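K.L.:
fold the following.
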Amino acid sequence: MKDDAAEVLSIEGREVRVTHPDKPYFSKQTKLSKLDLVRYYLSVAPGALAGIRDRPLVLKRFVDGGGLADAVD
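P.N.:
Coordinates of the predicted model:
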């Protein structure tokens, strides 16, 4: 299904299609659209990604030993 109202952004050489870019997020008082949120994430991404560089993104705890079946998410 093609959405004529989609916004296409070029991000690091890739085209990313944002469907329903005018969709409101959070509340009517905030007046924040889906596209506004995407642009905000793009603006803070370099700092946020630098802060997690070389760190684990997922931590599994083994509360009853080291068996894979014992992993707790």
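K.L.:
what residue ranges in the chain are flagged as low confidence?
P.N.:
1-4, 66-73 (pLDDT under 70).
K.L.:
switch the cut-off to 90
P.N.:
Applying pLDDT under 90 to the chain picks out residues 1-5, 25-31, 55-73.
K.L.:
now do the helices in it.
P.N.:
With DSSP state H, the ranges of helices along the chain come out as 34-52.
K.L.:
mind listing the strands for it?
P.N.:
Taking DSSP state E as the test, the strands found in the chain are 7-11, 14-18, 24-25, 32-33, 61-62, 71-72.
K.L.:
quick one: those as TSV, columns for distance to A48 too.
P.N.:
(C-beta placed from N, C-alpha, C; glycine too.) Listed next are the strands of the chain as TSV, based on distance: least, Cβ to Cβ, whole Å:
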stretch	distance to A48
strand 7-11	15
strand 14-18	17
strand 24-25	19
strand 32-33	18
strand 61-62	25
strand 71-72	26
